[in-house]
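Participant: Take a look and give me a structure for this.
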Amino acid sequence: MDYERTSFILKAMADSNRMKIIDLLSHGSLCACDVLKHFEFTQPTLSHHMKVLEKAGIVSVSKRGQWHHYSLKEDFAHEFIDSMKQLFFSG
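Facilitator: Residues are numbered from 1 along each chain as shown. Below you'll find the model as predicted:
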């Protein structure tokens, strides 16, 4: 298990706003403007949260025109679940 990577991912997910973003994206790709509708903070704050999630390898971003569209990385959930299984149930 890569403890450093897993710790980095858990730190990125430890913020309640980022958890909510992950939940929203679990239903499919969303434009930043659609994500922002669910929060009472500014676009720059959303940008910060998305960069943290992107750097942790949780979300991917694509630019369509002037809008950024975010989605969960396809392999992230499976890799994360596998890491948690290894952490809690190995041995």
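Participant: Dump stretch 48-61 to PDB, keeping only the CA atoms.
Facilitator: What follows is stretch 48-61, C-alpha atoms only, in PDB (Å, rounded to 0.1, in the frame of the first residue of the first chain):
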ATOM      1  CA  HIS A  48      -9.400  26.000  -5.000                       C
ATOM      2  CA  HIS A  49     -11.400  22.900  -3.900                       C
ATOM      3  CA  MET A  50     -11.300  21.500  -7.400                       C
ATOM      4  CA  LYS A  51      -7.600  22.000  -7.700                       C
ATOM      5  CA  VAL A  52      -7.100  20.100  -4.500                       C
ATOM      6  CA  LEU A  53      -9.300  17.200  -5.700                       C
ATOM      7  CA  GLU A  54      -7.600  17.200  -9.100                       C
ATOM      8  CA  LYS A  55      -4.100  17.200  -7.600                       C
ATOM      9  CA  ALA A  56      -5.100  14.200  -5.400                       C
ATOM     10  CA  GLY A  57      -6.200  12.300  -8.600                       C
ATOM     11  CA  ILE A  58      -9.900  12.300  -7.600                       C
ATOM     12  CA  VAL A  59     -11.400  14.400 -10.300                       C
ATOM     13  CA  SER A  60     -10.500  15.200 -13.900                       C
ATOM     14  CA  VAL A  61     -11.300  18.500 -15.700                       C
END
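Participant: Buried by neighbour count: which residues of that stretch qualify?
Facilitator: 49-50, 52-53, 56-60 (16 or more other Cβ atoms under 10 Å). Where C-beta positions appear, they are placed from N, C-alpha and C, glycine not excepted.
Participant: just stretch 66-78 next, same as before
Facilitator: 68-70, 72-73, 76.
Participant: So which elements touch the helix or strand hosting Lys63?
Facilitator: Following DSSP states H and E, one finds Lys63 within strand 59-64. Counting contacts by 3 or more Cβ pairs under 8 Å, 6 or more residues apart in numbering; DSSP states H and E, strand 59-64 packs against helix 16-25, helix 43-55, strand 67-72.
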